[in-house]
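[1] Need coordinates for the following:
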Amino acid sequence: MPTTVNKQRVLAALFNSFKKRGPSSEPQASPLMEQLLFSVCREGTTREEADRAFQGLRQRFFDWNEIRVSSPREIEVAISNLPDAAVRAQRLLSLLQEVFETTFSFDLESLHKKGLKQAAKQIARYQAANDYSVNWVLQNSLDAHSIPVDEPTLRVLRRLALVDSDQEDPEAMGASLEHLVPKTKCNLFGELLSMLADEYCHEDEPNCGDCPLASECPTASENVRSVLPSKTSRLKSR
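    Numbers count the residues shown, from 1 in each chain. So this is what the prediction gives:
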């Protein structure tokens, strides 16, 4: 099992390798409802694609209520650049409907006055929300020490051995990451992992050879070892 010292070395390599590529500034504050909806666009894709899709929603529809009363297909067209656009469209509609039915508005700013635990519980009650949505809102709206983890992020975390390969409990995983990453770097940490997943750490055929973290990554080292024997045998056969 990787020690805390080893994990800190991996973190240092991550921040150093991508320090010129990360966000130039902290994301601008926006209403909590917007962050909740944005989390649906952001999960499992890049910041650029999520921003593009969310901007498409804002430009195509007058307000959140117009989206709520629109068809799933109309929403899907607006966010068509995202993977699984149809599923995301239905989640967006469901969230808007759930919030409207409970508040008769699309204003969730009252959650700022509740404790973090209570706010998290209320968001989690929405059936269209998930752990990623909850942690995204906690981090980006409620200034919590929280790290949203989607599938690409989890893939990188496991390959870098920053979390155990068999760790499944989201709460335990979140606590482990929060202990490892300072609150002030949580947003940057998530963005860099997302970037790493998109550019190098693909689900199939990861590009370990060009990855700037290859020297610190146990998975990259294993991949290199699995390739070297075949190359050696070919050389000897000649």
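
[2] C-alpha from now on. contacts and neighbour counts both.
    Noted.

[3] What are the neighbouring residues in contact with the nearest residue to Met33 once chain neighbours are set aside?
    Closest residue to Met33 apart from its sequence neighbours, by C-alpha to C-alpha, 6 or more residues apart in numbering: Leu108 at 5.8 Å. Contact analysis of Leu108 by C-alpha atoms under 8 Å, 6 or more residues apart in numbering lists 31-33.

[4] Can you flag which of the residues you listed belong to helices?
    Members of the contacts of Leu108 lying in helices (criterion: DSSP state H): 32-33.

[5] Which of the contacts of Leu108 sits closest to Lys114?
    Leu32 (13.1 Å; C-alpha to C-alpha).

[6] quick one: that closest one from Gln139, how far?
    Plainly put, Leu32 is 11 Å away from Gln139 if you go by C-alpha to C-alpha, to the nearest Å.

[7] who touches both of the two?
    With C-alpha under 8 Å, 6+ apart, Leu32 and Gln139 have no common neighbours.

[8] For this protein, give me the ranges with low pLDDT.
    Filtered on pLDDT under 70, the chain yields the residue ranges 1-2, 20-28, 224-238.

[9] can you map out the helices along it?
    Counting by DSSP H, the helices of the chain are 4-17, 32-42, 47-60, 64-68, 72-78, 85-103, 116-125, 131-140, 151-159, 170-180, 186-199, 218-237.

[10] how about those helices in CSV, adding mean neighbour count and distance to Cys211?
    Converted to CSV, the helices of the chain look like this (neighbours: other C-alpha atoms under 10 Å; distance: least, C-alpha to C-alpha, whole Å):
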stretch, mean neighbour count, distance to Cys211
helix 4-17, 15, 10
helix 32-42, 22, 23
helix 47-60, 16, 20
helix 64-68, 17, 41
helix 72-78, 19, 33
helix 85-103, 18, 29
helix 116-125, 15, 36
helix 131-140, 23, 26
helix 151-159, 19, 12
helix 170-180, 14, 22
helix 186-199, 20, 8
helix 218-237, 12, 9
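
[11] Save those helices as TSV, and put in distance to Asp210 too.
    Below are the helices of the chain laid out as TSV (distance: least, C-alpha to C-alpha, whole Å):
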stretch	distance to Asp210
helix 4-17	12
helix 32-42	26
helix 47-60	22
helix 64-68	42
helix 72-78	35
helix 85-103	31
helix 116-125	39
helix 131-140	29
helix 151-159	15
helix 170-180	26
helix 186-199	10
helix 218-237	10
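
[12] for these, which one sits closest to Cys208?
    From the helices of the chain, taking C-alpha to C-alpha, the stretch that ends up closest is helix 218-237, at 5.5 Å.

[13] what about Pro212, how many neighbours?
    16 (other C-alpha atoms under 10 Å).

[14] if you skip the residues just before and after it, what's nearest to it?
    Closest to Pro212 by C-alpha to C-alpha, 6+ apart is Ser17, at 6.3 Å.

[15] So the one you found sits against Leu213, correct?
    Yes: with contact defined as C-alpha atoms under 8 Å, Ser17 reaches Leu213; the gap is 7.5 Å.

[16] hang on, the earlier thing: okay if I get the contacts of Leu108 as a markdown table plus distance to Leu116?
    Conversion of the contacts of Leu108 to a markdown table gives the following (distance: C-alpha to C-alpha, whole Å):
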| residue | distance to Leu116 |
| --- | --- |
| Pro31 | 16 |
| Leu32 | 13 |
| Met33 | 16 |
